[in-house]
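Q: structure for the following, please:
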Amino acid sequence: MIVMRITSFFFLFFWGGSVSVCFGASGKSNVLFIAIDDLNDWVGCLGGHPQALTPNIDRLAKRGMLFTNAHCQGPICGPSRASLLSGYYPHATGVYQQPTGKPMEKDKTFFHGRLIPHAFAREGYLTLGVGKITHGYSAKLAFDSYGGKFAGSGPKPDKGKRFNYFLPDVPWTGTQTDWGAFPEKDEDMTDHKAADWAVERLAEKGKEPFFLAVGFVRPHV
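A: Model (predicted):
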């Protein structure tokens, strides 16, 4: 399924996106959860856009279930993620802005021990995560093994400045527009590193079923 606008989520089996299912030695389904920041409905399977080529997502949509009337719970990624991971609306969690880790970690009602990976852990799953998933809640408290959130957008060019436009008289705003095309290899980029870590985990053999969450930062507007 594809969640329109801010923070789209794909499942390779279950969750706001597309899900992929395979079976572990225990006979339980393995779950691959993919989160993508700010992916909207320009993908090919939802009508597309002349500049957006999404053959892999389109292929995944054909293999699974495609939701065309899905909506995120918050207008920015923090509240939306907190809602989707916990199962509670933002007006219940109280998370309306980008959350900080400490208050969420101290909260015993909505987050601590109650997120999606916690639910899988209680069912005997090995929980793995990498990249941008929790965003405001310690990933080390959410997963058995966390591959890290790779900093920034990747290598910075030797010359030029990042475009960052701030509006006058507004407390905080701006863009994350980058310099342009990067000359470095794809393997040096943040999302590629997260994908590599996930592929390595998928190649490992284990007796426990697993829940693997992979968070990509781009396209992030």
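Q: what about the helix or strand containing Ala119, distance to the chain center?
A: Following DSSP states H and E, one finds Ala119 within helix 116-122. Mean-position distance between helix 116-122 and its chain equals 17 Å (CA atoms, centre = their mean, to the nearest Å).
Q: buried residues, that helix. List them.
A: Across helix 116-122, burial judged by 16 or more other CB atoms under 10 Å covers 116-118, 120-121. To be clear about C-beta, it is placed using only N, CA and C from the backbone, and glycine gets the same treatment.
Q: I'd like those residues as TSV, with distance to Tyr146 and pLDDT appended.
A: Formatted as TSV, those follow (distance: CB to CB, whole Å; pLDDT from 0 to 100):
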residue	distance to Tyr146	pLDDT
Ile116	14	94
Pro117	10	95
His118	14	94
Phe120	14	97
Ala121	13	96
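Q: got CSV for these, with distance to Val130 too?
A: As requested, the buried residues of helix 116-122 are arranged in CSV below (distance: CB to CB, whole Å):
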residue, distance to Val130
Ile116, 15
Pro117, 12
His118, 17
Phe120, 16
Ala121, 17
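Q: what sits against Trp42?
A: 48-49, 52, 54 (CB atoms under 8 Å, 6 or more residues apart in numbering).
Q: centroid residue for this structure?
A: Ala35 (2.5 Å; CA atoms, centre = their mean).
Q: report the buried members of the contacts of Trp42.
A: Buried, going by 16+ other CB under 10 Å: Thr54, out of those.
Q: could you identify the most distant pair in the contacts of Trp42?
A: Of all pairs drawn from the contacts of Trp42, the widest gap by CB to CB lies between His49 and Thr54 and measures 9.3 Å.
Q: circling back to that earlier point, list the helices and strands the next helix-or-strand element following the helix holding Ala119 packs on?
A: Counting by DSSP H and E, the next helix or strand C-terminal to helix 116-122 is strand 126-131. The elements that strand 126-131 packs onto, with contact taken as 3 or more CB pairs under 8 Å, 6 or more residues apart in numbering; DSSP states H and E, are helix 116-122, helix 139-142, strand 145-146, helix 190-203, strand 210-216.
Q: what's next to strand 126-131, contact-wise?
A: Here strand 126-131 has contacts from 35, 117-118, 120-121, 139, 142-150, 190-191, 194, 197-198, 201, 206, 208-217, using CB under 8 Å, 6+ apart.
Q: just the buried members of those?
A: Buried members of the contacts of strand 126-131, scored by 16+ other CB under 10 Å, are 35, 117-118, 120-121, 139, 142-144, 146-147, 149-150, 190-191, 194, 197-198, 201, 209-217.
Q: which parts of stretch 39-56 are buried?
A: Within stretch 39-56, the residues that count as buried by 16+ other CB under 10 Å are 39-41, 43-46, 54.
Q: repeat that for stretch 81-98.
A: For stretch 81-98, burial by neighbour count (16+ other CB under 10 Å) applies to 81-86, 88, 90, 93, 95.
Q: so how far is that stretch from its chain's centroid?
A: Worked out by CA atoms, centre = their mean, stretch 81-98 lies 15 Å from the chain centre.
Q: ok, Trp197 - contacts?
A: 130, 147-148.
Q: quick check: Thr54 touching Cys45?
A: Yes: between Thr54 and Cys45 there is a contact under CB atoms under 8 Å: 7.4 Å.
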